[in-house]
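Undergrad: have a look; sequence and predicted model below, questions after that.
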Amino acid sequence: MNFKLILFDLDDTLLYFDDYWEQGTKETYRKYPLTSNLNSDDLFNILKVKEENLVQKYHNQEITFEEYRNLQVSETFSEFNLQLDDSEIDLFHNQHKQMIKSFIKPDIQITNMLEEVSTKYLIGIVSNGIASWQYDKIGALGYDRFFSRESLIISELIGVEKPHPIIYQKALEQFNIRPQDTLFVGDSWKNDVIGPTELGMKAIWVNFRNKPIPDNNIPYGVVNRLIDIKEFLS
């Protein structure tokens, strides 16, 4: 198909969570005053358990992304009898973000792919999350040379999260492109395949964790590596 616009998810699509999160989080625990005398591995293991318990609530829209993010911290710290108020949680998040950014590195293959597709198509990002943090991650990757601020559609700024149809509609309006001329690329079946497809876009599922493919034939394509989307582009 002759697409005019390619919309990418950010987290676990353009930037893989596992590439930076564990190292950056453990190093934050080592440097943060309240946890510097605690075992960073123990803290991280408890964080993973808390995250698993909270992520379903977030996906079910029982809690917001900000609540999900803050509860991970407060509940992890409480296991060590550390009670944090809102200002202390914000302080931890700020230090964590600064540390995390130092562990975020661009993937040369993804960079080369973006170089290539950005010369042939309009490209943008549609992402759930806090705008300032998403901007920081894109900057740390050096991908801000491919994506202007205007091309970044972030849930905090729109007021709804994927898979709400409004966030995809905002992206189409921003680029003034029809859904049938748009390809959406991402790792979430619900957010990056079903949501865009219901609005008339085509979608490629980046199934890098090799999950079972649902029975219906919704995706335009399925790839295990982001760079393989080029096989579906004319």
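TA: Noted; the coordinates are in hand.

Undergrad: can you give me the buried ones in stretch 189-202?
TA: Residues of stretch 189-202 classed as buried by neighbour count (16 or more other CB atoms under 10 Å): Trp189, Asn191, Asp192, Val193, Ile194, Gly195, Pro196, Thr197, Leu199, Met201, Lys202. C-betas here are computed from N, CA, C, even on glycine.

Undergrad: out of the residues you listed, the closest to Lys105 would be?
TA: Asp192 (23.3 Å; CB to CB).

Undergrad: what's the distance between the residue nearest to that closest one when sequence neighbours are not counted and Asp215?
TA: Spatial nearest neighbour of Asp192, chain neighbours left out: Gly186 (2.6 Å); criterion: CB to CB, 6 or more residues apart in numbering. Look at Gly186 and Asp215: by CB to CB, to the nearest Å, they are 20 Å apart.

Undergrad: looking at those two, which is more packed in?
TA: Gly186 (27 against 6; other CB atoms under 10 Å).

Undergrad: coming back round to it: now do the same contact list for the residue nearest to Asp192.
TA: Under the criterion of CB atoms under 8 Å, 6 or more residues apart in numbering, the neighbours of Gly186 are Phe8, Asp9, Thr13, Asp192, Val193, Ala203, Trp205, Val206.

Undergrad: same thing with Lys31?
TA: Per CB under 8 Å, 6+ apart, neighbours of Lys31: Gln95, Met99.

Undergrad: for it, give its distance to Tyr58.
TA: Counting by CB to CB, the gap from Lys31 to Tyr58 is 27 Å.

Undergrad: just Pro163 next, same as before
TA: 13 Å.

Undergrad: pop the domain breakdown of the chain in here.
TA: Using automatic domain parsing, the domain parsing of the chain gives 5-15+106-232, 21-103.
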